[in-house]
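Asker: here is the input, now give the coordinates:
(chains A and B)
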Amino acid sequence: MNWDWEKLRENQQKFEKKKEGGGPGMPRPPQMDELLNKFKGFKFPGGFLVIIVLVALFFGSSTFFTIKLDEVGVIQRFGKFNRIAQPGLSFKLPSGVEKVTKVKIKRIYKEEFGFQTVQGSSNYRVQTGGPSQETSLMLTGDLNVAVVPWIVQYRISNPRDYLFEVKDVRAILRDMSEASMRTVVGDRSINEVISKREEIALAAKEMLQKEMNQAKSGINIVTIEMKKTNVPEPVQNSFNEVNQATQEKEQTIYKAREEYNKAVPLARGEAKRVIKDAEGYAIDRINRAQGDAAKFSAVYNAYAKAKDVTRKRLYLESMLEIFPNLGAKYIIDSDQKNLLPFLNMGGSDSMLNPQNRFLKKSE
Amino acid sequence: MNSITRIISLAVIAIGIVLTYNSAYIVDETEQVVVTQFGRVIGEPVTKPGLNFKLPFFQQANYFPNNLLTWDGDPGQVPTKDKTYIWVDTFARWKIVDPIKYFQTVNNEFAALERLDDIIDPAMRNLVTSYPLVESVRNTDRPMDTFESVSGESKKRVHQYTIKLGRDEITKQIIKQASPKLSPFGIELVDVKIKRINYIESVRRAVYDRMIAERNQIAEKYRAEGKGEASNIRGEKEKELQVIKSQAYKDSQKIKGEADATATQIYADAYGVDPEFYAFLKTMDVYKKTMKKDSTLILSTDSDFMKYFKGME
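Answerer: Got it, this is the predicted structure:
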């Protein structure tokens, strides 16, 4: 940029005549002797005025400040708390008298315990080794060791307390958070630590909030979030084995139930079949009996009308039916007493008894 | 106005400014001040924040923090009463309540922390050593779900984990022991907390082994329970089958028997009218059924059937 020296000087002289002194805001060329000459030429009250203006400007610039939307300004006058400035443009007495400290009260801060989030490309990795491992190792109430990583999210709820009551709020939060979590875990068994994370997080949050209130830290615990609780690596296998055994137990029981379910309903069906069978037998038996009885009754009724004839007829009809089917037939005179030489029995094992005139039952 | 008076007035103003500046001091919300004159304490300590004045140059303002301060102990190896070696890490919060005493005895925070080290550490060791480990670990006697295997053993173990004092009480006693020793320094111990308790490395390995053994035993218990229950179910099945079968047999026999009885009754009622005729009919039936081709018949002429055979008489 080229300076138009002539023009500038002209302007300057005009201004000096008008104001009797060098005002600020005038661009000056860096020419020392000229400057010195000018100061020499100043009258005292004029020079004093310049100083006052400069000082006023210095203080003036420190009388306003902006507070962003997510913060408030805590204003102290001579070190003493005076007021809280809300978001927007605010004014205060110049620095030296009033001091403003901005506190982000809307922002949620996060502290991690027992692991470290490594900001990678997109997702994070949880580190379990190193010093953070020490943080997460805890003794449980049944004197076992558990690995408990967690996150505390908090907000500054009272900027005044936050600034003035505790020297190092973050340190106290970290210490208290560990102490509270260990107290909570110390009262629970390893099983509860692994399975009831929600409950532990709630209890720890409550305890931590109480401690932070007691310390007047001005901190509000938003949430405690438990990461995956576990047992230390060397023990993990045996814990898995318990899970596996539980599964095995269930499986064995289910298998036995299956066998039961396979056999018992079948047997029930079979039993019903046996009973139905018996019922069938019963009906068959009774029907037959009734049939036989009916037949007999019918025959008898007819027979009763002419007993002798019917009897003879029945007898002869039977004989007529039987005789053609028979094999050898012998007729013996009633006077013949000995029939042995006469009849060859052909090796038949049947006994011949003259008393029984009808013989031989087929076998 | 001549130049001399001007210079003098200027000097007076300048001196005035310097004196005012030197005699005024600001006390922040987080601070308290002890004013001293050549090393001697003058007046009461200033604990209220704001603008204050003192004599310039002769007097000096000594600032001390007025807020809650933290002491973080070095973790140390401590044996408990049941001879388990553990690492204990404690921290405490403290306050300067008597800045004059504090100024006279320790003067700065670094020295104060050293005093705290010297006093809290032994107190903590004393208490942790005089109680079993579980007292420092547990806080209350809250019942735990420990899924123990054998019922007899579980009672013993539950007993093993019950406590008389608890962590809170132990830390309270640490405060009680340490506090009187700290008051000469103008320090108030607000609280002491156990941050961490962990087994030392060698103990930890033994504990892991114990945990593994414990789990294995629980796993075995589950397996055995499973098998036992399965056997039980199988037994139940066998029993059920026997019950069903025998019940069915019983019922069917009963049904058959009743049917037989009814049939018998029916036969008896029908045939009872003329048993002789029944015998005759049945005999005829028997003949029909039994006389076959391979039967040999010998008839005597005496028989009814043959009585006409011999001729007319």
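
Asker: what's the domain layout of chain A?
Answerer: A:5-61, A:64-104, A:109-231 (automatic domain parsing).

Asker: most packed of these?
Answerer: The highest mean neighbour count among the domains of chain A, using mean count of other C-beta atoms under 10 Å in any protein chain shown, belongs to domain A:109-231: a mean of 19. No exception for glycine: its C-beta is placed from N, CA and C like everyone else's.

Asker: how long is it end to end?
Answerer: Using C-alpha to C-alpha, to the nearest Å, the end-to-end distance of domain A:109-231 comes out at 28 Å.

Asker: what ranges do the strands span in the stretch 151-300 of chain A?
Answerer: For the stretch 151-300 of chain A, the strands identified by DSSP state E, counting those that start in this stretch occupy A:219-226, in order along the chain.

Asker: any low-confidence regions in it?
Answerer: Within the stretch 151-300 of chain A, the set of residues satisfying pLDDT under 70 is empty.

Asker: got phi/psi on the closest residue to A:Ala293 other than its chain neighbours?
Answerer: Here the nearest residue to A:Ala293 in space, its sequence neighbours aside, is B:Ala270; by C-beta to C-beta, 6 or more residues apart in numbering or on different chains that works out to 3.3 Å. Dihedral angles phi and psi of B:Ala270 (degrees, to the nearest 10) take the values phi -70, psi -50.

Asker: residue contacts, B:Ala270?
Answerer: Residues in contact with B:Ala270 (C-beta atoms under 8 Å, 6 or more residues apart in numbering or on different chains) are A:Asp292, A:Ala293, A:Ala294, A:Phe296, A:Ser297.

Asker: list the buried residues in stretch B:176-193.
Answerer: Across stretch B:176-193, burial judged by 16 or more other C-beta atoms under 10 Å in any protein chain shown covers B:177-179, B:181-182, B:185-187, B:189-193.

Asker: inside strands: which ones of these?
Answerer: Using DSSP state E, the members of the buried residues of stretch B:176-193 that fall within strands are B:Ile187, B:Leu189, B:Val190, B:Asp191, B:Val192, B:Lys193.

Asker: so who does the second one touch?
Answerer: This means B:Leu189. Residues near B:Leu189 by C-beta under 8 Å, 6+ apart: B:Ala92, B:Arg93, B:Trp94, B:Ile120, B:Ile175, B:Ala178, B:Ser179, B:Leu182.

Asker: what about B:Asp251, neighbour count?
Answerer: 16 (other C-beta atoms under 10 Å in any protein chain shown).

Asker: quick one: mean pLDDT for the helix or strand hosting it?
Answerer: Mapping B:Asp251 onto the secondary structure by DSSP states H and E places it in helix B:201-271. Taken as a whole, helix B:201-271 has a mean pLDDT of 90.

Asker: quick check: buried residues in the next helix or strand after it?
Answerer: Tracing the chain past helix B:201-271, the next element assigned as helix or strand by DSSP H and E is helix B:275-290. Residues of helix B:275-290 classed as buried under the neighbour-count rule (16+ other C-beta under 10 Å) are B:Phe277, B:Tyr278, B:Phe280, B:Leu281, B:Met284.

Asker: where do the helices sit along the stretch 251-363 of chain A?
Answerer: If DSSP state H, counting those that start in this stretch is used as the criterion, the helices of the stretch 251-363 of chain A fall at A:307-322.
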